[in-house]
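[1] Could you look at this predicted model? Sequence included:
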Amino acid sequence: MSIKGKAYIGGVFEHPTREAIGYSTPQLHAECAKGALEDAGLSKDDVDGYFCAGDAPGFGAMSMADYMGLKLRHMDSTETGGSSYILHVGHAAEAIAAGKCSVALVTLAGRPRSMRGGGMGGGRGPGGPPGGGFSDVPEAGFENIYGGSTHNTYGMCAARHMYEYGTTSEQLAWIKVAASHHAQWNEHAMLREVVTVEEVLASPMIATPLHRMDCCVISDGGGAVIVVSPEVAKSLNRPKVKIIGAGEAPKGPRGGNDLDLTYSGAVWSGPAAFEEAGVKPADMKYASIYDSFTITVLMQIEDLGFCKKGEGGKFVADGNLISGVGKLPFNTDGGGLCNNHPTNRGGITKVIEAVRQLRGEAHPKVQVPNCDLAIAHGTGGSLGTRHGAATVIMEREA
Amino acid sequence: MSDTQTMAATRRIPAPAINNESKPFWDAAQEGRFLIKRCGDCGKAHWYPRVICPYCFSLNTKWEESPGEGVIYTFSVMFHTNVPYAIGYVNLNEGPAVLTNFVGCDLSALAIGQKVKVRFQETEGGPPVPVFGPI
């Protein structure tokens, strides 16, 4: 496959300002986006792919996507300095050729001239300075002051989920219990002791309604993944793990109306991945589900379609996630809840354990028999503010 | 004080980061006024305030003074800290949800659906910031 002839430039816009006094950097990005869309004769709601680089204030592509109210199924914040936007056109063409989006927006904006001598505008970082001074991260001034942490912003999701669906702390605890059953067999896991629902509930309250044992570990570490072409895969002396579907989507308040913290971006990334793969949630033999907190797992299991919305509590209870016991073996390495959470980013270990399962190389005590279909799914950022969901479905090829 | 253990102790709040786009909000906050943004074209209010409407992409957005009343959408009481505090969202009567702290109340008595109203809390060297308490 080549990109040749698979994508076109629909619109362009060059901002007339040369000294943007009185502007914010997000505003400049948005005005450029508006101009290019008007040039194309398209509207904001036509955009389903967004590309930006290090000049875009905030956390990857997510702050600007939320600022502009974009609903996306593809995003890319590759940073190569001034060449980023040329690279983005190439990446956008690849994404369109692959059917991952149909209208891609690329933006660049910044204010080095009007900001001379002042604070730095834009730049990356999860929300700019914790308080005070200048930040062009659009949400920073209105959010960073309230003491938001991963614990309490996920706590907010859990509280609302309990309110709407009657989900209980006991049900959430079962997720940790299942993870601990798996971690006992992992010699590298930080927490190898099998725990009970009662022990989870008796652990100290961290941020209501989440207890200490509802939270993942903090660990150093890392991981890596090699993705290869079918030709290279054939030449390797390893079991063949084929990538058959992927989906992605950011989610944020997008202006704050109809805020719903009981679901995640998995409601979009999951169906996209399943559709591309041509399989259903019920076909999955194993699931790696990002487990920053127990509530993260519960919401994502619902959103991916393993059960109906609101029924995640019942689904995860009574050992249903334990390999060899329940219907959906999950995180058989012990996951973030018991094994590790390298540099506070659990995505790569989710892929790695799914690959072990598909290769038949998981620990014998947790290996799923004949594991030929697996999903790895995660959300990054915070479910309580803005996050990016990503899903990959993989198949073992005989 | 006998009730200091049940009333929320005041968490010190850092000065908010301010840029050109948000400055009118913080200038009004200095005067105790709570502003939101509303689009002059599609009519929708939004939060946090932007120059461009996140719903219709119109640049015709206008500041509007709000009574700052609404109901608690969700909250979490943070205990993993020296001074417990409550963070959560308020669904304003105008529509948008606002991330905030809940203050001036017994944190153990907070409830989803509870009616709250804005007030301003001093920060460390910056303008006061909007927080909410029971009506």
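    Good, I have the coordinates.
[2] Can you get me a residue count around residue 67?
    Since no chain was named, I'll use chain A. A:Tyr67 has 29 neighbours, counted by other C-beta atoms under 10 Å in any protein chain shown. Yep, even glycine has a C-beta here, placed from its N, CA and C like the rest.
[3] switch to chain B, that's the one I care about
    Other residues within reach of B:Pro67, judged by other C-beta under 10 Å, total 11.
[4] now do A:Lys234
    10.
[5] Let me know the secondary structure of it.
    helix (DSSP: H, G, I helix; E, B strand; the rest coil).
[6] Pull up the per-residue confidence for whichever residue of chain B sits closest to chain A.
    Relative to chain A, the nearest point of chain B is B:Pro14 (2.4 Å; C-beta to the nearest C-beta). Note on B:Pro14: pLDDT of 94.
[7] That one bridge partners, please.
    B:Glu124 (DSSP bridges).
[8] and it, how many neighbours does it have?
    18.
[9] One more: A:Gly22?
    10.
[10] That one reaches B:Lys23, doesn't it?
    No: under the criterion of C-beta atoms under 8 Å, A:Gly22 is not in contact with B:Lys23, lying 9.1 Å apart.
[11] can you pull out the helices in the chain?
    Unless you meant another one, I'm taking chain A. A:25-40, A:62-67, A:84-97, A:140-143, A:150-165, A:169-183, A:197-202, A:230-235, A:266-277, A:294-304, A:312-316, A:335-338, A:347-359 (DSSP state H).
[12] Chain B, not that one
    Going by DSSP H, chain B shows helices at B:23-30.
[13] ok, the closest residue to A:Asn370 other than its chain neighbours - contacts?
    Leaving out its chain neighbours, the residue that sits closest to A:Asn370 by C-beta to C-beta, 6 or more residues apart in numbering or on different chains is A:Lys285, at 7.2 Å. Listed by C-beta atoms under 8 Å, 6 or more residues apart in numbering or on different chains, the contact set of A:Lys285 reads A:Pro329, A:Gln357, A:Val368, A:Asn370, A:Cys371, A:Asp372, A:Leu373, A:Ala374.
[14] Just send the helices of chain A back as CSV, with mean pLDDT and distance to chain B too.
    Formatted as CSV, the helices of chain A follow (pLDDT from 0 to 100; distance: least, C-beta to the nearest C-beta, whole Å):
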stretch, mean pLDDT, distance to chain B
helix A:25-40, 96, 4
helix A:62-67, 97, 6
helix A:84-97, 96, 20
helix A:140-143, 96, 4
helix A:150-165, 98, 3
helix A:169-183, 98, 13
helix A:197-202, 98, 15
helix A:230-235, 96, 42
helix A:266-277, 98, 18
helix A:294-304, 98, 11
helix A:312-316, 98, 17
helix A:335-338, 98, 17
helix A:347-359, 97, 24
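[15] Tell me which of those helices sits most buried.
    Of all these, helix A:335-338 has the most neighbours on average by mean count of other C-beta atoms under 10 Å in any protein chain shown, namely a mean of 31.
[16] Need the phi and psi values for the residue nearest to A:Asn370.
    A:Lys285 adopts backbone torsions of phi -90, psi -20, taken as degrees, to the nearest 10.
[17] so what's the residue in the stretch 201-350 of chain A positioned nearest to chain B up against?
    Nearest residue of the stretch 201-350 of chain A to chain B: A:Gly256, at 3.2 Å (C-beta to the nearest C-beta). A:Gly256 is in contact with B:His46, B:Trp47, B:Tyr48, B:Gly95, B:Pro96, B:Ala97, B:Val98, counting by C-beta under 8 Å, 6+ apart.
[18] Disregarding flanking residues, what is the spatial nearest neighbour of it?
    Going by C-beta to C-beta, 6+ apart, A:Gly256 has B:Pro96 as its nearest residue, at 3.2 Å.
[19] I'd guessed the one you found sits against A:Gly255; true?
    Yes: judged on C-beta under 8 Å, B:Pro96 makes contact with A:Gly255 at a distance of 6.5 Å.
[20] what residue ranges in chain B score low on pLDDT?
    Within chain B, the ranges that satisfy pLDDT under 70 run B:1-9.
[21] would you list every one of the strands in it?
    Per DSSP state E, chain B carries strands over the ranges B:35-39, B:45-46, B:61-65, B:69-78, B:85-92, B:97-102, B:115-121, B:129-134.
[22] Point out the other helices and strands that the longest one packs with.
    If you count contacts as 3 or more C-beta pairs under 8 Å, 6 or more residues apart in numbering or on different chains; DSSP states H and E, strand B:69-78 packs onto helix A:150-165, strand A:205-207, strand B:85-92, strand B:97-102, strand B:115-121.
[23] Pull the number of nearby residues for the closest residue in space to B:Val77 that isn't next to it in sequence.
    Leaving aside its chain neighbours, B:Val77 sits nearest to A:Thr208 (4.4 Å; criterion: C-beta to C-beta, 6+ apart). Per other C-beta under 10 Å, the neighbour tally for A:Thr208 reads 23.
[24] A:Thr208 contacts A:Tyr154, doesn't it?
    No: the pair A:Thr208 and A:Tyr154 does not pass the contact test of C-beta under 8 Å, sitting 11.1 Å apart.
[25] Burial check on B:Gln30, number of neighbours?
    B:Gln30 has 11 nearby residues by other C-beta under 10 Å.
[26] wait, what's in contact with the residue lying closest to it once chain neighbours are set aside?
    Leaving aside its sequence neighbours, B:Gln30 sits nearest to B:Pro127 (C-beta to C-beta, 6+ apart; 5.0 Å). Applying C-beta under 8 Å, 6+ apart to B:Pro127 gives the contacts B:Ala15, B:Pro16, B:Ile18, B:Trp26, B:Asp27, B:Ala29, B:Gln30.
[27] Now which of those residues would you call buried?
    B:Ala15, B:Pro16, B:Ile18, B:Trp26, B:Ala29 (16 or more other C-beta atoms under 10 Å in any protein chain shown).
[28] okay, the strands of chain B in CSV with mean neighbour count next?
    Output for the strands of chain B, formatted as CSV (neighbours: other C-beta atoms under 10 Å in any protein chain shown):
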stretch, mean neighbour count
strand B:35-39, 21
strand B:45-46, 24
strand B:61-65, 14
strand B:69-78, 23
strand B:85-92, 26
strand B:97-102, 24
strand B:115-121, 18
strand B:129-134, 21
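[29] list the contacts for residue 21?
    All of this refers to chain A. Here A:Ile21 is in contact with A:Ser114 (C-beta under 8 Å, 6+ apart).
[30] wrong one, I was asking about chain B
    Contacts of B:Glu21 (C-beta under 8 Å, 6+ apart): A:Tyr23, A:Ser24, A:Pro26, A:Gln27, A:Pro138, B:Pro49, B:Arg50, B:Val51.
[31] That one - nearest residue in space that isn't next to it in sequence?
    Closest to B:Glu21 by C-beta to C-beta, 6+ apart is A:Ser24, at 3.6 Å.
[32] on that earlier part again, so which of the helices and strands packed on strand B:69-78 comes closest to A:Tyr263?
    helix A:150-165 (9.1 Å; C-beta to C-beta).
[33] The closest one packs against which elements?
    strand A:205-207, strand A:210-211, helix A:294-304, strand B:69-78, strand B:85-92.
[34] ok, 10 Å please
    helix A:169-183, strand A:205-207, strand A:210-211, helix A:294-304, helix A:312-316, strand B:69-78, strand B:85-92 (3 or more C-beta pairs under 10 Å, 6 or more residues apart in numbering or on different chains; DSSP states H and E).
[35] now the last one against strand B:115-121, angle please.
    In this case it means strand B:85-92. Angle, strand B:85-92 to strand B:115-121, by axes from the mean of the first three to the mean of the last three C-alpha atoms, to 10 degrees: 120 degrees.
[36] Perfect, I'm done here.
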